[in-house]
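> Any chance you can model this:
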Amino acid sequence: MNDEKYTILIADDESRERRILSLNLSEKYNVLEAANGKEALEHLEKNNVHLILTDLKMPVMSGLELLEVVKNQYGNIPVIIITAFGSIENAVEAMKAGAVDYITKPVKIEELEAVIEKSLNYGKLLAENLQLKEKIKKYEGFNEIITINPQMKELMELVAQVAPTPATILIEGESGTGKMLFANAIHNLSDRANAPFVEINCGAIPHDLLESELFGHERGAFTGAVGTKKGKFELANGGTLFLDEIGELPLDLQVKLLHVIEKQKFTRVGGTKFITTNARIVAATNKDLKEEVEKGNFRKDLYFRLKVVYLKIPPLRERREDIPLLAEHFLKKYASFKPGVELSISDTAMKLLVNYDWPGNIRELENTIQQAIIFSNDGIITENLLPKEISENADAELFVPITKEELQELRKSRTEKIINELDRKFLVKLLKMTKGNISKAAEISGYDRRQLQNLLNKHFIDANMFR
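Here you go, the predicted structure:
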């Protein structure tokens, strides 16, 4: 069989009609023959068929019945109906049932070949569309993760692969990198997507309340326990439990968490009855848990239980190509702050954003854009609207204005920076000379004591540091 040819299956109970069609089409296509719908299905099970050409009226299984099975089990295979001239109504019925086209007897080969080519192209388009839908479905759980970074794409591929499994997942990354977004994606891409997604921040709850939050408590278990309360493990049963900042979990609760993961059961605080759970565990931390294990702050056995699958989210400074995308996303997100105003970011400001190291990562970028929108008068975010730690730490070549307004703002900011730096050097030199004696410093400088003290306060300089 020549694999370069399309394979066509002809189903017709009239052997003479079958043979004529087969002889005319076999030069261009691989042709299979079937005397009825049942034989056609047997061919479909054994061969990769690209198109079916079937008569409507056949014994054992009709063309319409064959069409129904093909649509249900082989949805991408186009089906062309062959019908007698007087049975056009049946052909229309078949088209409604999913046939791509029909042709009337007596069949004209040139006309048939044109219909076949058109239908094969349609089938190819259907297959490509299905692949595209599968690809989109694969990433639809990541709708909040905005990236073109290769490392992030690899992480998304990994998440798509492991999300349908029950595997426990550990996510590490600096604060603000999007660990919660990945945890949500894992849940949304799993077969638990319609079950609860329950979150708990292990570092935000006092130690004496954390056990109750995780496992629940019985009435009278402690002062204030006026009723029975379900914990996060119970609430997440059948779904996903996201343990954020797992590195902050106290050692005694680490033991209990390990037991729950291993045994899939626990007791409420003050209770004796075991409660089973099949919550899927996703844990996250901004700490290096391996380092915490070495320091004795985190149990080694729990670390390996959590790290069945490991995701390391890169900081924003390692994926700078995503900064313009994220910035534009936040402009759209907070557009309601300036109704009717078209928001944008100047080229100079964007360069500053891209070159800043973002210790607070995406969360810091979001807050920066949000603040800049609030203080913008015309909707254009320029460098003067950015925090000083962003604008002042940029390389000199970035400060190349392209408008009169940008030039004026740049002159002003540069002048202020130079003056402030000169003031600081002046004050430090005076205080070093006088060993922190403000009266002597005032006498030498020509300032009165009050003026000098105000200048020191402005620049947050403590004279006592020089004594």
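
> Tell me the buried residues in stretch 372-388?
For stretch 372-388, burial by neighbour count (16 or more other Cβ atoms under 10 Å) applies to 372, 373, 376, 380, 381, 382, 383, 384, 385, 386. Backbone N, C-alpha and C define where each C-beta goes, glycine included.

> and if you look at stretch 172-192?
Residues of stretch 172-192 classed as buried by neighbour count (16+ other Cβ under 10 Å): 172-174, 176-190, 192.

> mind giving me CSV with the buried residues of stretch 372-388 and columns for pLDDT and distance to residue 266?
Output for the buried residues of stretch 372-388, formatted as CSV (pLDDT from 0 to 100; distance: Cβ to Cβ, whole Å):
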residue, pLDDT, distance to residue 266
372, 94, 48
373, 94, 47
376, 89, 52
380, 91, 56
381, 93, 50
382, 90, 56
383, 87, 54
384, 87, 56
385, 91, 51
386, 91, 49
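
> low pLDDT regions in the chain?
Along the chain, the model assigns pLDDT under 70 to residues 1-4, 85-88, 126-141, 393-402, 406, 410, 413-414, 417, 460, 465.

> Contact partners for residue 303?
289, 290, 293 (Cβ atoms under 8 Å, 6 or more residues apart in numbering).

> and the residue positioned nearest the centre of the chain, what does it touch?
In the chain, the centroid-proximal residue (Cα atoms, centre = their mean) is residue 142; its distance is 2.6 Å. Residue 142 makes contacts with 156, 159, 181, 185, as judged by Cβ under 8 Å, 6+ apart.

> In helices only, show me those residues.
156, 159, 181, 185 (DSSP state H).

> Now for the last one: which residues touch it?
Residue 185 makes contact with 141, 142, 144, 145, 156, 159, 163, according to Cβ under 8 Å, 6+ apart.

> ok, of these, which come out buried?
Among those, those classed as buried by 16+ other Cβ under 10 Å are 141, 142, 145, 156, 159, 163.

> Break this structure down into its structural domains.
With domains defined by automatic domain parsing, the chain comprises 7-136, 150-314, 317-400, 415-466.

> Please render these as a markdown table that adds distance to residue 407 to the earlier fields.
Below are the domains of the chain laid out as a markdown table (distance: least, Cβ to Cβ, whole Å):
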| stretch | distance to residue 407 |
| --- | --- |
| domain 7-136 | 46 |
| domain 150-314 | 34 |
| domain 317-400 | 10 |
| domain 415-466 | 12 |
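
> Nearest to residue 408 among those domains would be which one?
domain 317-400 (9.2 Å; Cβ to Cβ).

> mind checking how far that closest one is from the chain centre?
Centroid displacement of domain 317-400 relative to its chain, using Cα atoms, centre = their mean, to the nearest Å, is 22 Å.

> What ranges does the stretch 201-350 of the chain have for its helices?
Using DSSP state H, counting those that start in this stretch, the helices of the stretch 201-350 of the chain run over 207-215, 232-235, 251-263, 289-295, 300-306, 323-333, 347-355.

> Name the residues of the longest one that are buried.
By 16+ other Cβ under 10 Å, the buried positions in helix 251-263 come out as 254, 256, 257, 258, 260, 261.

> and if you look at the shortest one?
Across helix 232-235, burial judged by 16+ other Cβ under 10 Å covers 232, 233, 234.

> does the first one really touch residue 198, like I thought?
Just to be clear, that refers to residue 232. Yes - between residue 232 and residue 198 there is a contact at 5.1 Å, judged by Cβ atoms under 8 Å.

> which residues are common contacts for those two?
Both residue 232 and residue 198 are contacted by residue 241, under the criterion Cβ under 8 Å, 6+ apart.

> what would the contacts of residue 142 look like in TSV with distance to residue 227?
Converted to TSV, the contacts of residue 142 look like this (distance: Cβ to Cβ, whole Å):
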residue	distance to residue 227
156	43
159	39
181	35
185	36
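
> Out of these, the closest to residue 439 would be?
residue 181 (58.2 Å).

> Going along the chain, name the helices of the stretch 51-200 of the chain.
In the stretch 51-200 of the chain, the helices defined using DSSP H, counting those that start in this stretch lie at 63-73, 88-97, 109-139, 150-162, 179-188.

> right, so those helices: which one is the most enclosed?
Highest mean neighbour count of the helices of the stretch 51-200 of the chain: helix 179-188, a mean of 22 (counted as mean count of other Cβ atoms under 10 Å).

> what comes up buried for stretch 350-361?
For stretch 350-361, burial by neighbour count (16+ other Cβ under 10 Å) applies to 350, 351, 352, 353, 354, 356, 358, 360, 361.

> can you give me the end-to-end distance of it?
16 Å (Cα to Cα, to the nearest Å).
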